[in-house]
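Engineer: Give me the fold of what follows.
(one chain, ligands or ions: 1)
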Amino acid sequence: MKRRSWSLVFRNAAEGIVYGFRTQRNVRVHSGVAVIMCSAGFIFGISRTDWMFVLTAIFLVLVTELMNTAVEAAVDLAHPHIHPLAKAAKDTAAGAVLLAAVFAVVIGCMVFFKPVLHWLGF
Ligand SMILES: Nc1ncnc2c1ncn2[C@@H]1O[C@H](COP(=O)(O)OP(=O)(O)OP(=O)(O)O)[C@@H](O)[C@H]1O
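Structural biologist: Modelled structure (predicted):
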């Protein structure tokens, strides 16, 4: 297979991200939550360490969402009919998203609980 140029590699990757955003409601929802988390980070002036955890959580969720989308597309292409292995592949990919989302919720609570309480006057 012919070696692709760097610009084509990046363009294909960007098309994959756009595909996930366009076709998957969860990717759009999680992107919205990511924007809210980042805005809250700026508003509350969280520390550099907290930013590292928040950004890790955001990227982990988005990366697993895109991998989940890729698995779904590949499974549907390879085997559009009901099969236990198709179910296993899709459920496992969905499980990865769930774990990442739980991690993000825990990080969000740990980072923003105190600043939000302070902001509410407690
Ligand atoms: N070919 C299949 N064989 C057996 N079970 C399947 C198959 N396709 C889907 N499933 C089951 O249905 C569930 C939902 O699969 P589907 O492809 O509809 O994902 P989805 O609902 O579109 O996911 P998302 O909401 O993340 O886009 C899977 O997790 C799996 O349990």
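Engineer: which bits of the chain sit near the ligand?
Structural biologist: 24, 26, 68, 72, 79, 82-83, 86-87, 90-91, 94 (CB under 6 Å from any ligand atom). (C-beta placed from N, C-alpha, C; glycine too.)
Engineer: and the residues you listed, which are buried?
Structural biologist: Among the residues of the chain next to the ligand, the ones that count as buried by 16 or more other CB atoms under 10 Å are 24, 68, 72, 86.
Engineer: returning to what we had before: mark which of the residues of the chain next to the ligand are part of helices, please.
Structural biologist: Members of the residues of the chain next to the ligand lying in helices (criterion: DSSP state H): 26, 68, 72, 86-87, 90-91, 94.
Engineer: In a markdown table, list those along with pLDDT.
Structural biologist: Formatted as a markdown table, these follow (pLDDT from 0 to 100):
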| residue | pLDDT |
| --- | --- |
| 26 | 96 |
| 68 | 98 |
| 72 | 97 |
| 86 | 97 |
| 87 | 97 |
| 90 | 98 |
| 91 | 98 |
| 94 | 98 |
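Engineer: need the residues you listed in a markdown table with distance to residue 62, can you?
Structural biologist: Listed next are those as a markdown table, based on distance: CB to CB, whole Å:
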| residue | distance to residue 62 |
| --- | --- |
| 26 | 10 |
| 68 | 11 |
| 72 | 16 |
| 86 | 24 |
| 87 | 24 |
| 90 | 19 |
| 91 | 20 |
| 94 | 15 |
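Engineer: and the closest residue to residue 63 other than its chain neighbours, what element?
Structural biologist: Spatial nearest neighbour of residue 63, chain neighbours left out: residue 100 (7.7 Å); criterion: CB to CB, 6 or more residues apart in numbering. Element membership for residue 100 (DSSP states H and E) is helix 84-119.
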